[in-house]
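A.B. asks: sequence and computational prediction follow.
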Amino acid sequence: MVTTGIRKSGALKLFAVLTGACASLLSAALPSAANPQLVVDVSSLKVYEQQEIYQKWYPASLTKLMTAYTTFRALKSGQLTLETPVVMSKNAAGEPPSKMFYKPGQAVTLDSALKMLLIKSANDIAVAIGETVSGSEPAFVNQMNAEAKRIGMTSSHFINPNGLPGAGQYTTARDLAVLAITIKREFPAIRRLFRL
């Protein structure tokens, strides 16, 4: 089952529990007050509960799930491997915390970078991954938006790979459920990263 919820403050929280043989994708406590939320079974897609699932909100660090998904697609296509070096650019190093504080020119493997992205929610790493996947941050953002559209995220738009504030960055509880389900279905082997 995937549950997505959104706090009224505008920051998003995603709680995804994939039942049966499924594993936890990402967990965060849902707020107790009534807010936009969606509870759906991953296998059957049966919706158990929904409220304001099309209300647009700022995605904050959940943007990094779209960054990860776009990167997983590049890995699957053979464009990259988990050993591909992710080199910190001046642009990426200039992102505000939360970050890993690598200096421009330092490199880590894509495998390590994905772990830092998903565990630490590192803004500098998100940009460095995007630059590695697509050659530049703007090109990666275009790729993120194309992937979102392709999988049916009809009410989402991204302006950066890390979720830092900016006009034009938004999503919905419904679209986050689509993303969580798509990651689970397309990349079952990747759940090891989310288990960390």
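C.D. replies: Structure received.
A.B. asks: quick check: domain ranges of the chain?
C.D. replies: Here the domain assignment for the chain is 2-61+165-195, 63-143, based on automatic domain parsing.
A.B. asks: distance to Gly152 added to those domains, as a markdown table?
C.D. replies: C-beta coordinates here come from the backbone N, C-alpha and C atoms, glycine included. Shown next, in a markdown table, are these (distance: least, CB to CB, whole Å):
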| stretch | distance to Gly152 |
| --- | --- |
| domain 2-61+165-195 | 5 |
| domain 63-143 | 13 |
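A.B. asks: what sits closest to the residue positioned nearest the centre of the chain if chain neighbours are left out?
C.D. replies: Centroid-nearest residue in the chain: Leu65, 0.9 Å away (criterion: CA atoms, centre = their mean). Distance criterion CB to CB, 6 or more residues apart in numbering; nearest residue to Leu65, sequence neighbours excluded, is Leu179 at 5.7 Å.
A.B. asks: tell me the contacts of that neighbour?
C.D. replies: Neighbouring residues of Leu179 by CB atoms under 8 Å, 6 or more residues apart in numbering: Leu65, Met66, Tyr69, Ala148, Ile151, Met153.
A.B. asks: identify the residues contacting the last one.
C.D. replies: Contacts here follow CB under 8 Å, 6+ apart; on that basis Met153 touches Thr171, Asp175, Val178, Leu179.
A.B. asks: just the closest of those residues to Ala60, please.
C.D. replies: Thr171 (9.6 Å; CB to CB).
A.B. asks: and that closest one, what does it touch?
C.D. replies: So Thr171 contacts Leu12, Lys56, Trp57, Pro59, Leu62, Met153, Ser155, Ser156, His157 (CB under 8 Å, 6+ apart).
A.B. asks: lowest pLDDT pick from the residues you listed?
C.D. replies: When the contacts of Thr171 are compared by pLDDT, Leu12 scores lowest at 39.
A.B. asks: surely Met88 touches Ala107?
C.D. replies: Yes - Met88 is in contact with Ala107 according to CB atoms under 8 Å; the separation is 7.0 Å.
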